[in-house]
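Peer 1: Mind folding the following:
(one chain, ligands or ions: 1)
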Amino acid sequence: MADIEKKPIKITETILRDAHQSLIATRMTTEQMLPIIDKMDKVGYHSVECWGGATFDASLRFLKEDPWDRLRKFRDGFKNTKLQMLFRGQNILGYRPYADDVVEYFVQKSVANGIDIIRIFDCLNDLRNLQTAVTAANKEKGHAQVALSYTLGDAYTMEYWTDIAKRIEDMGADSICIKDMAGLLLPYKATDMIAAMKDAVNIPIQLHTHYTSGVASMTYMKAVEAGVDVIDTAMSPFALGTSQPATEVMVETFKGTPYDTGFDQALLAEIADYFRPIRDEALDSGLLNPKNLGVNIKTLLYQVPGGMLSNLTSQLKEQGAEDKYYDVLEEVPRVRKDLGEPPLVTPSSQIVGTQAVFNVLMGERYKMATKETKDVLSGKYGATVKPFNPEVVEKCIGKDAEIITCRPADLIPDELETLENEMKQWKQQDEDVLTYALFPQVAVDFFKYREAQQTKVDATVADTEDGAYPV
Ligand code: CO
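Peer 2: Residues are numbered from 1 along each chain as shown. Purely as a prediction, here's the structure:
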């Protein structure tokens, strides 16, 4: 019998980033992660996604941890496994576009502290917003992966996806990720999509999806059969629901096939045993909402990410207008069309969702436009795949408003020096200026906390030195 060509599927483990971001609001601490990374390092993962996304903000704001310190501890522990982060293009890990010098310095320091693979995306799939980060990653000898925000709509034909894939390859990316944040990619569609992408480019293709709509593991199976190179999964205690398909399940699925990962299920079981009590604790404390673990069919019906649905619910609740929920859900696709049909991912999902709420509650569309809606219409976020609705542009920003057509960051002067000056009294390491750039207020609160902790430790050391108990 002829040998079947072996093509082991590669796996990116997300439990240290997306999985806990999606299920427990990014609250896993470094202390909870460190004891298990030695075992995780032996699995044979293609990479471990463990940094970036919301972890940076959550570490500082809620856990009082230095995210850079967490990264260095990961680097010490993971001796054989590549470390991966998620990076929001020109917005880095924050919520506004930064000057190129900040983006470049952030990439440089991420790689210097241990990141191997940088997954870079933009909410409009405007590649101009990714170029600086990709070039910086190339320069630092990091792996630059460009992630396409996957979405549905008239503009998003197979030609759109294959064309943009070719442009990504041309811009110097080392691989492409299809980032399906809402779980909209259906299994048979994945077959077509992966086959077309593999035809279009030579660089590896990775698929990232969420279990929200219940189809994700079938989608992976079809994608793997169609030749995808890498899939993103999470260890079972933090899998399914709004997170990724379970690592152990995908590993078992491909056992004995040409796609066999060769991973040791006994080792995976030990890792799952470690994380299960952390999940149970999160369930007991209410941090893990069982609602997030079920299948959310509304994401398929309205093509809206799960996180956006819960945001809309709470916005309407605040206004005492919960009865308008379905009106708002029907307004979302209309607003999205007016704004050039962008994918719905941070921050476009919030912008479209909030405007849809205003349009319904005010009883007149765009009677009140948010600042962010006006910014999108002025081109400050970049170019959308389709043109804006001209009537909406006129109503929101006027007929003669100046529209930005260049790369938005071309209009932002270098800012690193100013930032250094603003924060120099707090500086203890080079990276602190980047922490400050991203979240100025939260960073200063953290720097103060850090100093207070250090004073405490110094006092303890002094006590011991003077005291009668040598240690
Ligand atoms: Co994700």
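Peer 1: which of the residues in stretch 198-215 are buried?
Peer 2: Residues of stretch 198-215 classed as buried: 198, 200-201, 204-215 (neighbour count, 16 or more other Cβ atoms under 10 Å). Placement of C-beta: from N, CA and C, glycine included.
Peer 1: now do stretch 7-17
Peer 2: 9-17.
Peer 1: Would you confirm that residue 208 contacts residue 182?
Peer 2: No. Under the criterion of Cβ atoms under 8 Å, residue 208 makes no contact with residue 182, lying 11.4 Å away.
Peer 1: Report the separation between residue 341 and residue 303.
Peer 2: 11 Å (Cβ to Cβ, to the nearest Å).
Peer 1: Of the two, which one has the most company?
Peer 2: More crowded of residue 341 and residue 303, by other Cβ atoms under 10 Å: residue 341, with 22 against 17.
Peer 1: Just say helix, strand or coil for that one.
Peer 2: Assigned state for residue 341: coil (three-state reduction, DSSP: H, G, I helix; E, B strand; the rest coil).
Peer 1: all helices for the stretch 251-400 of the chain, in order.
Peer 2: 265-285, 298-302, 306-318, 325-338, 348-361, 371-377, 390-397 (DSSP state H, counting those that start in this stretch).
Peer 1: Just give the closest residue to residue 70, not the sequence neighbours.
Peer 2: Excluding the flanking residues, the one nearest residue 70 by Cβ to Cβ, 6 or more residues apart in numbering is residue 30, at 4.6 Å.
Peer 1: What residues does the one you found make contact with?
Peer 2: By Cβ atoms under 8 Å, 6 or more residues apart in numbering, the contact list for residue 30 reads 59, 63, 65, 69-70, 73.
Peer 1: wait, what's in contact with residue 173?
Peer 2: Contact analysis of residue 173 by Cβ under 8 Å, 6+ apart lists 134, 144-146, 203.
Peer 1: Specify the local secondary structure of the nearest residue to it once chain neighbours are set aside.
Peer 2: Spatially, and ignoring its direct neighbours in sequence, residue 173 is nearest to residue 146 (4.3 Å; Cβ to Cβ, 6+ apart). Here residue 146 is strand, with the state taken from three-state DSSP.
Peer 1: List the beta-bridge partners for residue 146.
Peer 2: Applying DSSP bridges to residue 146 gives these bridge partners: residue 120, residue 176.
Peer 1: That one contacts residue 168, doesn't it?
Peer 2: Yes. Taking contacts as Cβ under 8 Å, residue 146 lies within contact range of residue 168: 4.6 Å.
Peer 1: Which neighbours do those two have in common?
Peer 2: Taking Cβ under 8 Å, 6+ apart as the contact rule, residue 146 and residue 168 both touch 127, 176.
Peer 1: Out of those two, name the residue with the larger neighbour count.
Peer 2: Between residue 146 and residue 168, counted using other Cβ under 10 Å, the more crowded position is residue 146 (31 against 26).
Peer 1: List the contacts of that one.
Peer 2: Neighbours of residue 146 in contact, by Cβ under 8 Å, 6+ apart: 119-121, 127, 130, 134, 168, 171, 173, 175-177.
Peer 1: top of those by neighbour count?
Peer 2: In terms of neighbours by other Cβ under 10 Å, the contacts of residue 146 top out with residue 120 at 29 neighbours.
Peer 1: What number of neighbouring residues does the closest residue to residue 213 other than its chain neighbours come out with?
Peer 2: Excluding the flanking residues, the one nearest residue 213 by Cβ to Cβ, 6+ apart is residue 183, at 4.2 Å. A total of 24 residues lie near residue 183 under the criterion other Cβ under 10 Å.
Peer 1: mind listing which of the contacts of residue 30 are in strands?
Peer 2: Residues of the contacts of residue 30 located in strands (DSSP state E): none.
Peer 1: Using a markdown table, please lay out the residues you listed together with distance to residue 94 and pLDDT.
Peer 2: Shown next, in a markdown table, are the contacts of residue 30 (distance: Cβ to Cβ, whole Å; pLDDT from 0 to 100):
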| residue | distance to residue 94 | pLDDT |
| --- | --- | --- |
| 59 | 14 | 97 |
| 63 | 18 | 97 |
| 65 | 18 | 98 |
| 69 | 19 | 98 |
| 70 | 18 | 98 |
| 73 | 23 | 98 |
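Peer 1: Between the residues you listed, which sits nearest residue 346?
Peer 2: For the contacts of residue 30, the minimum distance to residue 346 (Cβ to Cβ) is 17.5 Å, reached by residue 59.
Peer 1: Contact partners for that closest one?
Peer 2: Applying Cβ under 8 Å, 6+ apart to residue 59 gives the contacts 30, 65-67, 70.
Peer 1: And the helices in the stretch 51-200 of the chain?
Peer 2: Counting by DSSP H, counting those that start in this stretch, the stretch 51-200 of the chain has these helices, from start to end: 55-58, 67-77, 100-112, 131-139, 158-170, 187-200.
Peer 1: Point out the other elements, helices or strands, that the fifth one touches.
Peer 2: What that stands for is helix 158-170. strand 143-149, strand 175-180, helix 187-200 (3 or more Cβ pairs under 8 Å, 6 or more residues apart in numbering; DSSP states H and E).
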